[in-house]
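Student: can't give you the sequence, but here's the structure:
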């Protein structure tokens, strides 16, 4: 019984925090890539980033040996904007020793300023540079709020 009350109290506390902050997610799954991104922004002026995480799978066989599957954290988010229905996220993976100097840049642009919505769409561009062969693709992305 106490466990149930603690869980309920936690959920109610999280619900109160959800009104104060924005939690956004974006995902895509097409012939080029599959990814999910989740970010949280404060509702105060400046919309400071609370957290960021994501995962990406590059489906191109030539690129999958270097960037087959990557996990992203806050340090990978190099540019972000969330205001009045508009969202921009730029994720940069500068590569580690396992990429041979190649870098990955994923940019998501979604929503429309002045038209906030719980669910919205946009585009993504994915670029891999510094490897054997340059790689650049674009696609559609679906986003929403939690």
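Tutor: Noted; the coordinates are in hand. Values in this document were obtained by computation on a predicted structure and should not be read as measured data. Numbering: from 1, shown residues only.
Student: what is the helix or strand where residue 41 lies packed up against?
Tutor: Using DSSP states H and E, residue 41 maps to strand 33-42. Applying 3 or more C-beta pairs under 8 Å, 6 or more residues apart in numbering; DSSP states H and E, we find strand 33-42 packed against strand 21-29, strand 49-58, strand 77-83, strand 86-93, strand 119-129. No exception for glycine: its C-beta is placed from N, CA and C like everyone else's.
Student: what sits up against that strand?
Tutor: Here strand 33-42 makes contact (C-beta atoms under 8 Å, 6 or more residues apart in numbering) with 20-28, 47-59, 72, 77, 80, 82, 89, 91, 106, 108, 124, 126, 137, 139.
Student: ok, now stretch 116-130?
Tutor: Contacts of stretch 116-130 (C-beta under 8 Å, 6+ apart): 26, 28, 32-33, 35, 58, 63, 66-67, 84-85, 87, 95, 99-112, 134-145.
Student: check which residues of it are buried.
Tutor: Residues of stretch 116-130 classed as buried: 120, 122, 124, 126, 128 (neighbour count, 16 or more other C-beta atoms under 10 Å).
Student: looking at the spatially most central residue of the chain now. What's its pLDDT?
Tutor: What sits nearest the mean C-alpha location of the chain, by C-alpha atoms, centre = their mean, is residue 37, with 2.6 Å. Note on residue 37: pLDDT of 96.
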